[in-house]
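> Model the following, please.
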Amino acid sequence: MKGKIIYRLAFLFVVAACHNKRNHVENGIDSTDSAVNINVSDTTVDIESEKIIHLNMKYYDFDEIDDLVSFFDSVLAEHPIPIWLPEEDTTVESLKSCVAKIEAYRKGKRQYFPDSIVSGCLRSIAFNAAIVNNHGPEYTDMVVGEWFMMCAAYYSPDITCLVETQTPGHCAGFFNYGTSYNGQPWWAYVFLKRGKGYEVRCLGDNVAVRSIFQLEDKQRRKYYLCSNNDSKLQFSQWLFWVKDTNDILKVAECHKAPMDDGEGEEFYFDKKRLIWKYAKWDEAKRQLNAIDEKPVMTLHIDGEKSSFD
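Numbering: from 1, shown residues only. Okay, here's the model as predicted:
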């Protein structure tokens, strides 16, 4: 019902390995239709030595919420933001102030979206999550940060303030949550243009995205490839197919680096040929050079039949 929000405790406990590894996500296809009502009740539990508490992220209709300030107060009451030095930190106060500005913007009481404030607030929350996860208790609560990302993305006219890198048309971009603490893989999120604002999806724990490519097949269908080619250890690929504005599918992913006889520690993605090659960094020229032209992996783009070979 419009204006009525059901917020129930919904914990998604995700096992987190040490930060030089990553959790492998099962290959599969996901689909999201138009914005859904905010009724969070799904729970998945997977517990080992360490727990990451995630929200069940979807393309939620934030217009259902009468008052964003009250909504975030209720979320904060159940899911305090992980803070490393609470006596010295102003993250919670900054978040409340930022949410109030988003509320004013969406109600027409503020002319401009508070992009720089949103950016600073998001990075402060992410910094604390990473340092607490690295040095703190056996669990890290990501719920408030993920609600904030989804809300800001829903109302933001552009994702520049929310992402590190984006496609030329500003229709997709990525954010590595926790890199404001250090550059290691922590959590990665992709932002996708929707009918209103953007949708945010979590790509996983202990992963990072280093580049994003907008691709097109022979039928002129659009794809987004989120990619990390920095090393064999961090190698990860996620492919999304834009079926239409209300249907964006994750059609393929790969988290196992090609193992060949090559000597390269990094990989070069040839966007035109849709292949990966072994590569080495040339410090003198400050560029990544392919060792040879032999492909070590190929991307086949064909809608839901897309695959990595």
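
> Name whatever forms a beta bridge with Asn228.
Ser236 (DSSP bridges).

> what about the strands in the stretch 51-200 of the chain?
For the stretch 51-200 of the chain, the strands defined by DSSP state E, counting those that start in this stretch cover 51-54, 139-141, 165-166, 172-177, 186-193, 198-207.

> wait, Asn228 sits on Asn206?
No: judged on CB atoms under 8 Å, Asn228 makes no contact with Asn206 at a distance of 11.6 Å. Quick note: C-beta positions are derived from backbone N, CA and C, even for glycine.

> Which helix in this protein has the most residues?
helix 115-135 (DSSP state H).

> tell me the angle that one makes with strand 198-207.
30 degrees (axes from the mean of the first three to the mean of the last three CA atoms, to 10 degrees).

> How are the helices of the chain distributed by residue range?
68-78, 91-106, 115-135, 143-155.

> about what we covered before: put together JSON lines for the strands of the stretch 51-200 of the chain, with distance to Lys294 and mean neighbour count on each row.
Listed next are these as JSON lines, based on distance: least, CB to CB, whole Å; neighbours: other CB atoms under 10 Å:
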{"stretch": "strand 51-54", "distance to Lys294": "39", "mean neighbour count": "20"}
{"stretch": "strand 139-141", "distance to Lys294": "42", "mean neighbour count": "22"}
{"stretch": "strand 165-166", "distance to Lys294": "28", "mean neighbour count": "18"}
{"stretch": "strand 172-177", "distance to Lys294": "29", "mean neighbour count": "26"}
{"stretch": "strand 186-193", "distance to Lys294": "29", "mean neighbour count": "24"}
{"stretch": "strand 198-207", "distance to Lys294": "27", "mean neighbour count": "23"}
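
> what's the longest helix of the chain in contact with?
Residues from elsewhere that reach helix 115-135, judged by CB atoms under 8 Å, 6 or more residues apart in numbering: 16, 19, 52, 81-84, 89, 91, 94-95, 97-98, 101-102, 140, 142, 144-145, 148-149, 152, 156, 158, 160-162, 175, 177-182, 186-187.

> hmm, back to that, can you say which of the strands of the stretch 51-200 of the chain is nearest to Leu274?
strand 172-177 (17.6 Å; CB to CB).

> who's in contact with the residue nearest the centre of the chain?
Among the residues of the chain, Tyr189 comes closest to the average C-alpha position under CA atoms, centre = their mean, at 0.3 Å. Tyr189 makes contacts with Met149, Phe174, Phe175, Tyr177, Val200, Arg201, Cys202, Leu203, as judged by CB under 8 Å, 6+ apart.

> what do you get if the cut-off is 10 Å, keeping everything else the same?
Residues in contact with Tyr189 (CB atoms under 10 Å, 6 or more residues apart in numbering) are 57, 126, 145-146, 149-150, 153, 162-163, 173-177, 200-204, 209, 226.

> One more: Met259?
Lys232, Val296.

> for Arg221, same thing?
Contact analysis of Arg221 by CB under 10 Å, 6+ apart lists Leu215, Trp241, Val242, Lys243, Ile301, Asp302, Gly303, Ser306.

> List the ones among the residues you listed that fall in strands.
Applying DSSP state E to the contacts of Arg221, the entries found in strands are Leu215, Trp241, Val242, Lys243.

> Show me the one in the residues you listed that has more neighbours than the rest.
Neighbour counts for these (other CB atoms under 10 Å) peak at Trp241, which has 23 neighbours.

> correct me, but Lys58 touches Trp147?
No: at 11.5 Å, Lys58 does not count as touching Trp147 under the criterion of CB atoms under 10 Å.

> out of these two, which sits in the busier spot?
A side-by-side neighbour count of Lys58 and Trp147, using other CB under 10 Å, places Trp147 first with 25 against 19.

> I'd assumed Tyr60 was in contact with that one.
Yes: shown here, Trp147 and Tyr60 form a contact pair, counting by CB under 10 Å, at 8.9 Å.

> And the ones in strands among the contacts of Arg221, which is the shakiest by pLDDT?
In terms of pLDDT, Lys243 ranks lowest among those, with 93.
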